[in-house]
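A.B. asks: give me a 3D structure for the following:
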Amino acid sequence: MPDIKFVIFDMDQVLYDYEHPVRLKLLEELTGRPSEQIDAAVWGGPHESAAEAGHPDTAEGYLAQFADLLGYPIDFDTWCDIRRQMMRARPEVLELVRRLKASADVALLTNNGMMLKAALPVCAPEMIEIFGSKAHVSAEFKVRKPDPLIYRRICSRYGHRPNESAFVDDKAENVRGAEEAGLTGHVYTSAGAFEAFLKQYGLI
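C.D. replies: I've put the predicted structure just below:
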């Protein structure tokens, strides 16, 4: 059994509830545009995946692209407020991560563009509290999950070997990518199963 020294976490649907329909409803109310059109325009094409891989590479560039796709001007505060309303922290899981910090290094790695990186203190202050400067979006690494390269890059950044690192995500394909890179994977299904995983490896 590997001696795990570094644990990397996905954010949405692991550490937070994530309600995309809530975001669409709020955007519909803001713009007057049907939510189905918004979803297709903003998330239905290649733009979001490109942003998650670092194109555009600034929060300002992402927000400008978002406004163009939305067909409506949107400022930083409004974007943050909508993102904040569509997510809710999972206290039981966050407490397990806080306990884990006593025995391992931890980091956040979410498939998102640079706008979310800038917005984390507003949308998800717990991420700053727990992970600090190790709260990352995929855009910072110029590649997105599940490409094995992204897991190797974050491990290298913090001086950990993949075989002494673990990755937790609700999407099985993202966990498989981490395992291909040499990490130990856990597909998140519940706080109880996650706690059992941590205990299995002697992390709590």
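A.B. asks: ok, the residue of the chain most remote from its centre to Gly71 distance?
C.D. replies: Largest separation from the mean C-alpha position in the chain: Gly32, at 28.8 Å (Cα atoms, centre = their mean). When distance is defined by Cβ to Cβ, to the nearest Å, Gly32 is 10 Å away from Gly71. All C-beta spots, glycine's among them, are computed from the backbone N, C-alpha and C.
A.B. asks: so how far is whichever strand or helix holds Val106 from its chain's centroid?
C.D. replies: Following DSSP states H and E, one finds Val106 within strand 105-110. Here strand 105-110 is found 9 Å from its chain centre; the criterion is Cα atoms, centre = their mean, to the nearest Å.
A.B. asks: per-residue pLDDT, Pro2?
C.D. replies: pLDDT, Pro2: 89.
A.B. asks: go on, the one 5 residues further on?
C.D. replies: For Val7, the model assigns a pLDDT of 98.
A.B. asks: assumed it was part of a strand.
C.D. replies: Yes: the assignment for Val7 by DSSP: H, G, I helix; E, B strand; the rest coil puts it in a strand.
A.B. asks: for burial, what's the neighbour tally of the spatially closest residue to it that is not a sequence neighbour?
C.D. replies: Distances taken as Cβ to Cβ, 6 or more residues apart in numbering put Ala166 closest to Val7, at 4.8 Å, once the chain neighbours are dropped. Using other Cβ atoms under 10 Å, Ala166 is surrounded by 26 other residues.
A.B. asks: now for Trp43: which residues touch it?
C.D. replies: Applying Cβ atoms under 8 Å, 6 or more residues apart in numbering to Trp43 gives no contacts.
A.B. asks: let me know the helix or strand that the residue nearest to Ala53 when sequence neighbours are not counted is in.
C.D. replies: In space, and not counting its chain neighbours, Ala53 is closest to Arg144: 4.9 Å by Cβ to Cβ, 6+ apart. Assigned by DSSP H and E, Arg144 belongs to neither a helix nor a strand.
A.B. asks: could you do the one 10 residues further on as well?
C.D. replies: Ile154 is located in helix 148-157, with elements delineated by DSSP H and E.
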